[in-house]
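Chemist: Okay, structure incoming, though there's no sequence with it:
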């Protein structure tokens, strides 16, 4: 039963990085008192869904300053392992990525927004978008603490609910295609052996991670985040299989204990075709603004969230939340990332077609030609779709582009 009604200017669904950064950007612009964020969990950042491997330069460009306690490690490069065990290392002189505690990272963004005046309502599960005369006009929200539902009328809803975008599906709006998903499972572990603290490890091969790859991301004191994503089967079983049977990783993890597990679906099909409507903007994983090459979605989502906030602020000043005004959001994020998403989607399809034997041959070629030295020389480039496209035109480039795609823009 819906027994309460209230009104707000801008309602944001979800206090993950995309939702909270939309709120933070709105607050920085001056709309702090007109924005409310609804989050179903009782703590921001829980449950944690991903590795938190993020590019240093891009965080800086977004104006994100992280307290020291949030940073778990600094990474200089990566070691890639082929299905048969060949290795290919790319190392930079200085750190290019941070490993962050995702719970603390999410809270840092939300707390800054809250400090600037944004209201966060925890334990509030959004059940449905309110649609009136074809326009999104608010939300039906269930207050889990008081066990009652209420109608929240708003001039604008920003849907940052994440996957699997249930609200969009119920409203018959565009949402990530189910066939594009891979399913991730990650463990925090202790007592990892023979892993360099400043290099991530990436394991390719359909036998253990069909659809993406597996990873070991070192933290400190012998601990690490170990995970994978797969298109088929049970991701937990796939991860345990990786722990126990991978010829290289199993030795590194033989003494490790799994301290906790997290799960998350990851859409790799590229952004949904339309991310706006009358009274609605869609950001982050709900809009499938996720890198098809690596599944990284934290900072791509935040880049898009920044554009969503700017569009929302303009609409607020115009007092016009029509589709015509809100369409500027899609033009803005497409201008920033559209070409990159198209190239990465094409590369994902190319990588999916490669057999394990073909990947091994690419590794052999990379090792024989010393391509790792070539990749190191482009260490300071900003991530650009055209750079990836040039790399992909050379067969030797398909493996290093994974590193470039992961480290120079974003991670998950």
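Modeler: Looks like it came in fine. Because the structure is a prediction, the values reported are computed rather than measured.

Chemist: Leaving out the residues flanking it, which one is nearest to residue 356?
Modeler: residue 83 (3.8 Å; CB to CB, 6 or more residues apart in numbering). Where you see a C-beta, it was placed from the backbone N, CA and C, and this is true even at glycine.

Chemist: Run through the residues that contact that neighbour.
Modeler: Neighbour list for residue 83: 204, 205, 206, 207, 356, 357, 359, 360 [criterion: CB atoms under 8 Å, 6 or more residues apart in numbering].

Chemist: Could you tell me the phi and psi values at it?
Modeler: Note on residue 83: its backbone torsions stand at phi -60, psi -30 [degrees, to the nearest 10].

Chemist: Now stretch 130-147: buried residues?
Modeler: 130, 131, 136, 137, 138, 139, 140, 141, 142 (16 or more other CB atoms under 10 Å).

Chemist: For residue 324, see how far away the residue nearest to residue 356 is.
Modeler: 51 Å (CB to CB, to the nearest Å).

Chemist: Kindly report the same for residue 369.
Modeler: 53 Å.

Chemist: Same check on residue 187?
Modeler: According to CB to CB, residue 187 and residue 324 sit 47 Å apart.

Chemist: if you count what's nearby, which of those two comes out ahead?
Modeler: Counting neighbours by other CB atoms under 10 Å for residue 187 and for residue 324 shows that residue 187 has the greater number, 22 against 10.

Chemist: which one is that one nearest to, not counting chain neighbours?
Modeler: Once flanking residues are discounted, residue 187 sits nearest to residue 258: 4.5 Å by CB to CB, 6+ apart.

Chemist: related to what we said a few turns ago, list buried residues within the contacts of residue 83.
Modeler: 204, 205, 206, 359, 360.

Chemist: JSON lines for these, including pLDDT and secondary structure?
Modeler: Output for the buried ones among the contacts of residue 83, formatted as JSON lines (pLDDT from 0 to 100; DSSP: H, G, I helix; E, B strand; the rest coil):
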{"residue": "204", "pLDDT": "94", "secondary structure": "coil"}
{"residue": "205", "pLDDT": "94", "secondary structure": "coil"}
{"residue": "206", "pLDDT": "95", "secondary structure": "helix"}
{"residue": "359", "pLDDT": "90", "secondary structure": "helix"}
{"residue": "360", "pLDDT": "91", "secondary structure": "helix"}
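
Chemist: nearest to residue 313, of these?
Modeler: residue 204 (42.9 Å; CB to CB).

Chemist: if I read this right, that closest one contacts residue 82, doesn't it?
Modeler: Yes. Between residue 204 and residue 82 there is a contact under CB atoms under 8 Å: 6.0 Å.

Chemist: any residues in contact with both of these two?
Modeler: 356, 359.

Chemist: mind checking how far residue 148 is from residue 166?
Modeler: To residue 166, residue 148 is 20 Å away according to CB to CB.

Chemist: Make sure residue 128 is indeed in a strand.
Modeler: Yes. When DSSP: H, G, I helix; E, B strand; the rest coil is applied, residue 128 is found to be in a strand.

Chemist: Residue 364 touches residue 86, doesn't it?
Modeler: Yes. The criterion here is CB under 8 Å, and residue 364 meets it with residue 86 at 6.6 Å.

Chemist: more neighbours, these two?
Modeler: For residue 364 and residue 86, the more surrounded residue by other CB under 10 Å is residue 86, and the numbers stand at 17 against 14.

Chemist: The more buried one: what's its closest spatial neighbour, skipping adjacent residues?
Modeler: residue 363 (4.2 Å).

Chemist: tell me which element that neighbour is part of?
Modeler: Assigned by DSSP states H and E, residue 363 belongs to helix 356-369.

Chemist: contacts for stretch 238-248?
Modeler: 81, 85, 185-187, 203, 208-209, 214, 226-228, 230, 249-250, 253, 256, 258, 261.

Chemist: which parts of it are buried?
Modeler: For stretch 238-248, burial by neighbour count (16+ other CB under 10 Å) applies to 238, 239, 241, 242, 243, 246.

Chemist: Nearest the middle, which residue of the protein would you pick?
Modeler: Per CA atoms, centre = their mean, the C-alpha nearest to the average position across the chain is that of residue 297, at 1.9 Å.

Chemist: Run a quick neighbour tally on the closest residue to that residue other than its chain neighbours.
Modeler: Closest residue to residue 297 apart from its sequence neighbours, by CB to CB, 6+ apart: residue 290 at 3.7 Å. For residue 290, the tally of surrounding residues (other CB under 10 Å) stands at 28.

Chemist: I'd like the distance between residue 290 and residue 229.
Modeler: Distance of residue 290 to residue 229, given as CB to CB: 11 Å.

Chemist: Going by residue numbers, what spans are helices in the chain?
Modeler: Secondary structure of the chain (DSSP state H): helices at 17-29, 56-61, 102-115, 166-170, 206-209, 235-245, 249-252, 298-318, 323-333, 339-353, 356-369, 371-376, 385-393, 400-407.

Chemist: Throw those into CSV and include distance to residue 178, thanks.
Modeler: Shown next, in CSV, are the helices of the chain (distance: least, CB to CB, whole Å):
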stretch, distance to residue 178
helix 17-29, 20
helix 56-61, 29
helix 102-115, 25
helix 166-170, 10
helix 206-209, 19
helix 235-245, 15
helix 249-252, 29
helix 298-318, 20
helix 323-333, 23
helix 339-353, 16
helix 356-369, 26
helix 371-376, 35
helix 385-393, 26
helix 400-407, 24
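
Chemist: ranking those by mean pLDDT, which is last?
Modeler: If you rank those by mean pLDDT, helix 400-407 sits at the bottom with a mean of 50.

Chemist: what sits against residue 189?
Modeler: 223, 224, 225, 226, 253, 256, 257, 258, 259.

Chemist: Next, count neighbours for the closest residue to it other than its chain neighbours.
Modeler: Closest residue in space to residue 189, ignoring its immediate chain neighbours: residue 256 at 4.1 Å, by CB to CB, 6+ apart. For residue 256, the number of neighbouring residues by other CB under 10 Å comes to 21.

Chemist: correct me, but residue 256 touches residue 192?
Modeler: Yes. If you go by CB under 8 Å, residue 256 and residue 192 touch, sitting 5.7 Å apart.

Chemist: Mutual contacts of the two, please.
Modeler: 224, 226.
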